[in-house]
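1. Compute the structure for the input listed below.
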Amino acid sequence: MLETLGLDETAESVYRAMLGRPQADLADLRRHLGISDASLRAALDRLSELALVRQALDDPRCFRAVDPAVSMQVLVARQEERLAAEQQRVEQTRLAAAKLMADFAASRPRKHPADVEQLDGIDEIRDRINVLCREVQSEVMTLAPGGGQSTASMEAARPQDAELLRRGVTMRTVYLDSVRNDPPTLRYAKWLTELGGHVRTVPSLPIRLMLLDRKFAVLPTDGDNSAAGALILTGSGALIALSAFFEIVWENGRPLGAPAGQRDGHGLTSQESEALRLLGQGFTDEAIGKRLGVSPRTARRIAADLMERLDARSRFQAGARAVARGWLTGQE
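-> Reported below is the predicted structural model:
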């Protein structure tokens, strides 16, 4: 039963026997359990390592079992810390791999330069998107991270979006859940739906993306500053992958008209669940705020509330406990 805590069957039997026979000496325990002296000594060594037994104060040759109420709490905390540390290592490995691939891609000469077009600055980006939108025939799909959108970008897009919808082009846009608390963006999103557009929201978005007829993809060159530049991709492999990614995000989104703040079976909103996942991966308040489209102060408040509900002393422990309780998606 206690294998997950690092105890084999013999060590667990010795521990249970010591709890049930607190005054028994080593000879009594060996006879009661029917094990060899070597097996008993090995079990005691393991129990001592895990702080489940200690030497008796009145006789250093004897051992006493530590109260399970104390010892189990310590062992579980150690397991949680190991799990949290492993989660951090996995995330660090993922980030390192992503950076390595990005560095490698940047250093390689492009084999298909015709599949990639680079744009510099917001004016060049808007001009190129305007041209592409005039050629769109059926569909525009957009992922819009960053929370509330800037007034300038929405005003620039308004005539273009109205024209697309007037022509019968299907428009699907995914914003962050946090835009439900941003009146200007919410008004714009409702305006889109009134004209026939489709809008959903999700807790977090990793990238800004625009797909046009599944033939062109527009991606920022700088994830922190989408106005700095953009890439126009036309390669079929990239377009297939990005279109599939958009569909996954769309399927997990919540329609704009759906009630906000709905909670799952654990009492978590979708935003809280996402914040918890990011906490377990070691994201800072600033990084969590950026992914959720909220301020670092709001992200800090969400994190503090979650840690209190989980009775966690650290962020990594909060992530570990959330996994253990099945609070995170896919951990039921």
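
2. Please report phi then psi for residue 145.
-> For residue 145, the backbone dihedrals are phi -80, psi -180 (criterion: degrees, to the nearest 10).

3. which residues touch stretch 209-229?
-> Here stretch 209-229 makes contact (Cβ atoms under 8 Å, 6 or more residues apart in numbering) with 118-122, 125, 128-129, 132-133, 135-143, 146, 207-208, 230-234, 238-239, 242-243, 245-246. Placement of C-beta: from N, CA and C, glycine included.

4. and with 6 Å instead?
-> 119-120, 122, 132, 136-143, 208, 230-234, 239, 242-243 (Cβ atoms under 6 Å, 6 or more residues apart in numbering).

5. And for stretch 303-319?
-> With Cβ under 6 Å, 6+ apart as the test, stretch 303-319 has contacts from 80, 84, 87, 276, 279-280, 321.

6. same thing but at 8 Å, please
-> Here stretch 303-319 has contacts from 77, 80-81, 84-85, 87-88, 272, 275-277, 279-282, 285, 288, 321-322, 325, using Cβ under 8 Å, 6+ apart.

7. Can I get the strand or helix carrying residue 289 as CSV, trimmed to CA atoms?
-> Per DSSP states H and E: residue 289 is located in helix 285-292. Extracted C-alpha coordinates of helix 285-292, given in CSV (Å, rounded to 0.1, in the frame of the first residue of the first chain):
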residue,chain,number,x,y,z
ASP,A,285,3.0,36.3,-12.2
GLU,A,286,4.0,38.4,-15.2
ALA,A,287,4.1,35.4,-17.5
ILE,A,288,0.8,34.1,-16.2
GLY,A,289,-0.8,37.5,-16.6
LYS,A,290,0.4,37.7,-20.2
ARG,A,291,-1.0,34.2,-21.1
LEU,A,292,-4.3,35.0,-19.4
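
8. In that helix, which residues are buried?
-> Neighbour-count burial for helix 285-292, counted by 16 or more other Cβ atoms under 10 Å, picks out 285, 288-292.

9. Helix or strand next in line after that helix, which one?
-> Later in the chain than helix 285-292, the nearest helix or strand by DSSP H and E is helix 296-310.

10. Also compute the angle for the helix or strand that that next one is followed by relative to helix 296-310, please.
-> The helix or strand immediately downstream of helix 296-310 is helix 315-324, counting by DSSP H and E. Interaxial angle, helix 315-324 versus helix 296-310 (axes from the mean of the first three to the mean of the last three Cα atoms, to 10 degrees): 50 degrees.

11. got the CA positions of helix 315-324 in CSV?
-> The C-alpha coordinates for helix 315-324 follow below in CSV (Å, rounded to 0.1, in the frame of the first residue of the first chain):
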residue,chain,number,x,y,z
ARG,A,315,3.6,27.3,-6.3
PHE,A,316,5.2,24.0,-7.3
GLN,A,317,3.5,22.3,-4.3
ALA,A,318,0.2,23.8,-5.5
GLY,A,319,0.7,22.3,-8.9
ALA,A,320,1.6,18.9,-7.4
ARG,A,321,-1.4,18.9,-5.2
ALA,A,322,-3.7,19.9,-8.0
VAL,A,323,-2.4,17.0,-10.0
ALA,A,324,-2.9,14.6,-7.1
